[in-house]
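> Provided below are the primary sequence and the corresponding predicted coordinates.
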Amino acid sequence: MASANSEEVLRDIKNKYEIYKGASGASGGVGQIEYALKKERGDYWRQKMKSITKDGEWSLLLKQIREELVVIKLPYGMPAAQTAAWNEYTVLMHLADRNDHLGKGHAKLLAANQNQLDKHRVAWLALEAVPTGLELAELTQAEDNFDSTTSLIHQSFWQLTPIEFICHLFLKLGRTLELLHRENIKHGDIKMENIMIGNIQEDEYPAIKLVDFGDSAILEDNELAKQTIDTQRFCKSIRILAELHASCVHDHNPTQSYVKKSPTEKMKNLFHKSPTSGRSSESSKGKGKEKVIDTEISHPLGSCLSHPQGWDIFVKTMIDGEQNTSTPSMAGLMRSFQAWAQSVVTNAPDNVKQYIGRVTNAAIEHQGYTHGISNAALKNAVKNYDP
């Protein structure tokens, strides 16, 4: 944190929280981000740890600790960082009294410290943490730059993005944005890095939470057109997931690695229904023969990868919504597709929800995999806390 009174700020935070500095290694473009617990809760959990006698008990204990984690944001001293922190503070304060109305789909402000000399600056923010610390981007990016174990986790979801998960995200994130827009709020930075995957139950759909309100604003009635950027970027996120699903259906071969395609090539497959059975054929080139084998698609989710009725128009609307300046409002999008998406989610076979849960759970168990904090790092940070 680049600030003249940084020591005073840290003392102020440490009066209230245990900061597990470096536990996450995360930092935003405008500030340092650290995990923490309320001071009295840190003492409580260390006492609990002393009574643990079996390895299996650690998993439950760490899950309980995760539910109480706090994210501390310490903005840098540069003007852009201070502006972002103030934006987040003012918007989340505005939403604080409306949580019962708006639900739990967005970041929640727990505490903050305003600068005593400049009331339009905040020295630090304390936010409710998403227990997994897992970004949507981390489930959907390529497996490059990770070790082999992590690559398998990435590749699994990257190549097998279920339609049911896409519809679940549409419903949860779409509803949150619709409600924010009703409050004359724009988020301003909808992207996969700011969409968090919540719970880690293997038999449930994950919670979805929108974070990072540094570009957000409370708009006047004559400024509401600025909310269009949220809707366009929301449509883009859904379109990207639709591309991943299309690539999965058409290109996945259990015997080969994933072949990256250009956006144009991916788009060609968005509405095309592929055959489900394998075939083999031979073609001749000159004197030699080239044998072409189309291997039968074999997915852990099996027939769950088929397209439900209404998928084509849904995807086309997302593409149009991303590209057009005359994008429909979030309320309009939800009216058009909420019932359809809910039907897809409700009728999903159990193995779809279990698959999504397993991928999420495997991600946070893997040391260093997420921008969050692994179980091993969390255990070490709390157990060996040194103020």
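Perfect, thanks for sending it.
> Contacts only, for Pro131.
The contact partners of Pro131, by C-beta atoms under 8 Å, 6 or more residues apart in numbering, come to Lys63, Arg66, Glu67, Leu69, Gly198, Asn199, Ile200. Backbone N, C-alpha and C define where each C-beta goes, glycine included.
> try 6 Å
Arg66, Glu67 (C-beta atoms under 6 Å, 6 or more residues apart in numbering).
> Nearest residue to His106 in space, please, no chain neighbours.
Leu210 (4.8 Å; C-beta to C-beta, 6 or more residues apart in numbering).
> burial count for that neighbour?
22 (other C-beta atoms under 10 Å).
> List the beta-bridge partners for it.
Assessed by DSSP bridges, Leu210 has beta-bridge partners His106, Ile195.
> So this structure: which segments form each domain?
Following automatic domain parsing, the chain resolves into domains at 1-129, 134-274+301-370.
> State the pLDDT value of Trp86.
Listed pLDDT for Trp86 reads 94.
> That one: which element?
helix 79-96 (DSSP states H and E).
> Please enumerate residues in contact with that helix?
By C-beta under 6 Å, 6+ apart, helix 79-96 touches 30-31, 75, 109, 112, 120-122, 185, 213-214, 216, 218.
> Give me the longest helix you can find in this structure.
helix 228-251 (DSSP state H).
> any idea of the mean pLDDT in it?
82.
> By mean pLDDT, show me the worst of the domains of the chain.
domain 134-274+301-370 (a mean of 77).
> wait, isn't Ile197 in contact with Pro206?
Yes - look at Ile197 against Pro206 with C-beta atoms under 6 Å: they come within range, at 4.8 Å.
> May I see the buried residues of stretch 324-335?
Residues of stretch 324-335 classed as buried under the neighbour-count rule (16 or more other C-beta atoms under 10 Å) are Thr327, Pro328, Ser329, Met330, Leu333, Met334.
> correction: stretch 107-115
Ala107, Leu109, Leu110, Ala112, Asn113, Asn115.
> May I see the residues you listed organised as JSON lines, with secondary structure and distance to Val359 added?
Listed next are these as JSON lines, based on DSSP: H, G, I helix; E, B strand; the rest coil; distance: C-beta to C-beta, whole Å:
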{"residue": "Ala107", "secondary structure": "coil", "distance to Val359": "23"}
{"residue": "Leu109", "secondary structure": "strand", "distance to Val359": "30"}
{"residue": "Leu110", "secondary structure": "strand", "distance to Val359": "29"}
{"residue": "Ala112", "secondary structure": "strand", "distance to Val359": "34"}
{"residue": "Asn113", "secondary structure": "strand", "distance to Val359": "38"}
{"residue": "Asn115", "secondary structure": "coil", "distance to Val359": "42"}
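> Just name the closest of those to Asp320, please.
Nearest to Asp320 among the buried residues of stretch 107-115 is Ala107, at 29.5 Å by C-beta to C-beta.
> what sits against the closest one?
Applying C-beta under 6 Å, 6+ apart, one finds that Ala107 lies in contact with Leu127, Val211.
> Please report how far it lies from His245.
Applying C-beta to C-beta, to the nearest Å, the value for Ala107 to His245 is 28 Å.
> got it, and Ala341?
14 Å.
> next one: Val122
Applying C-beta to C-beta to Val122 and His245 gives a distance of 41 Å.
> So which residues of the stretch 51-200 of the chain form strands?
70-75, 109-114, 122-128, 134-135, 185-186, 195-197 (DSSP state E, counting those that start in this stretch).
> Quick check: can you name the pairing partners of the fourth one and their directions?
Each strand that pairs with strand 134-135, with its direction, by DSSP bridges: strand 195-197 (antiparallel).
> From the rest of the structure, what touches the strand it pairs with?
By C-beta under 6 Å, 6+ apart, strand 195-197 touches Val130, Thr132, Leu134, Leu136, Pro206, Lys209, Val211, Thr360.
> and the two most separated of those?
Val211 and Thr360 (16.4 Å).
> of these two, who's got more company?
Thr360 (24 against 21).
> what helix or strand does that one sit in?
Going by DSSP H and E, Thr360 is in helix 350-365.
> Who are the packing partners of that helix?
helix 148-159 (3 or more C-beta pairs under 6 Å, 6 or more residues apart in numbering; DSSP states H and E).
> Please tell me how far Asn384 sits from Lys104.
Between Asn384 and Lys104 the computed distance is 32 Å (C-beta to C-beta).
> What number of residues are in the vicinity of Asn15?
8.
> do the same with the one 3 residues further on
Applying other C-beta under 10 Å, we find 24 residues neighbouring Glu18.
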